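1. fold the following.
(one chain, ligands or ions: 1)
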Amino acid sequence: MNNEQLYKTATLLLTESKGILAADQSINTMNKQLEGIGATPDPETRRLYRQLLFTTPGIEKYVTGIILYDATIRNHTDDGTAFVDFLIAKGIVPIIKVDKSTVPLDGFPGEVVTEGLDGLRERLDEYYKMGARAAKWRAVISIGDGLPTHDSIKLNCLLLARYARLCHEAGIVPIVEPEVLYEGAHDIARAAEVTTLTLKTLFAVLQQYRVDLKAVILKTSMVLSGNKNPKQSTPEEVAEATLKVLQDCVPSEVAGVVFLSGGQSPEQATANFNAIGKLEKANGKLPWKLAFSFSRGIEQPVQEAWKGKAENVPAAQKILVEVFERNCKADQGAL
Ligand code: 5MM
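-> Take a look at the predicted model:
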């Protein structure tokens, strides 16, 4: 295991004022998004959509890495250039989503567990040969009546630890994503409590299984009241609660922390991220770098502008650049 190389990759992924684009929608999710804009949910339209994103002029100024789905890492641009080679040539790190999504957790109504460990060592070796240098695994934690249970959190964290060790063996930086869902009527205090329990459990388990935290990136939800709570959190409240939870739970060795948007509107995700950037500036340096790693929070307006039509590609790419610019400024709390 060459940890120095892993540290270099992690540092590159956390370059100041840049983020990570999550373009790793599974086929089902991508198809739903395509149907939502009136486009055809087929392999060619999915390829054209990823091509639109990756070939956006100047994309390398805003992102250090892009998270890809298995079918995308094997795909190519119109002229036959593999997407991975195209990204690498621009200095963008190809990141591969390796989990195989969630299934209901038997015996724990309302909770899910992430699958994907079977054959993972071999898959990681193959992805490394293709050019991937980082990976992502997402666990999903719901807040509700009596939920989550600590037992389901523990199981999901054990799987994240095993995934992280396998990534390191393969020379790949693991992004560990325990997403605490925004869906629900909970208040911000409850979101903070659940995120704290989740992150404390995660880092205890990662340390127990001797995962080198210097080569780990945490992808986390922001801490905010649920989407069905009439009292929506203000950006200032989100920033304060999020940074408090992170400071309480994330060991200083961790390479960096990136945020998912989790179903917030793009404007809301950016405003909250900006408030986090502002508070970080005001409070002084944190032990780890912070960055955005949104999917819907970046891509929604791009998809709406594109609508699956070739003639809309330049307008959609222009919107992508504008959204990136706003989020890169928000990284500095400069909006
Ligand atoms: C694009 O969404 C990713 C994959 O989800 P599915 O397997 O359900 O299609 C997801 O892991 C994503 O990378 C993160 O959750 C961040 O995305 P958002 O939309 O929350 O910013």
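
2. now do the buried residues in stretch 179-189.
-> By neighbour count on 16 or more other Cβ atoms under 10 Å, the buried set for stretch 179-189 is 179, 180, 181, 182, 184, 186, 187, 188. The way it works is simple: take the backbone N, C-alpha and C, and place the C-beta from them, glycine included.

3. isn't the first one up against residue 143?
-> No: contact between residue 179 and residue 143 fails when scored by Cβ atoms under 8 Å: they sit 11.3 Å apart.

4. circling back: the ligand next: which of the buried residues of stretch 179-189 are close?
-> Subset of the buried residues of stretch 179-189 in contact with the ligand: residue 179, counting by Cβ under 6 Å from any ligand atom.

5. what about residue 94, which helix or strand?
-> Per DSSP states H and E, residue 94 falls inside strand 93-97.

6. how about the CA coordinates for that strand, as PDB?
-> Output in PDB follows, covering the C-alpha atoms of strand 93-97 (Å, rounded to 0.1, in the frame of the first residue of the first chain):
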ATOM      1  CA  VAL A  93      -9.500  12.800 -11.000                       C
ATOM      2  CA  PRO A  94     -12.000  10.100 -12.100                       C
ATOM      3  CA  ILE A  95     -13.800   8.900  -9.000                       C
ATOM      4  CA  ILE A  96     -15.900   5.700  -9.200                       C
ATOM      5  CA  LYS A  97     -19.100   5.000  -7.200                       C
END
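
7. contact residues of the stretch 1-150 of the chain facing the ligand?
-> Neighbours of the ligand within the stretch 1-150 of the chain, by Cβ under 6 Å from any ligand atom: 22, 24, 25, 26, 29, 67, 101, 138.

8. buried subset of those?
-> Buried subset of those (neighbour count, 16+ other Cβ under 10 Å): 22, 24, 25, 67, 138.

9. what about residue 274, how many neighbours?
-> Other residues near residue 274 come to 21 when the count uses other Cβ atoms under 10 Å.

10. now it: which helix or strand?
-> helix 266-283.

11. show me what that helix is packed up against.
-> Under the contact definition 3 or more Cβ pairs under 8 Å, 6 or more residues apart in numbering; DSSP states H and E, helix 266-283 sits against helix 235-249, strand 256-259, strand 289-292, helix 296-306, helix 313-331.

12. neighbouring strands of the strand holding residue 94 in the sheet, and parallel or not?
-> Pairing partners of strand 93-97, with direction, according to DSSP bridges: strand 63-68 (parallel), strand 134-141 (parallel).

13. right, I'll call it a day here.
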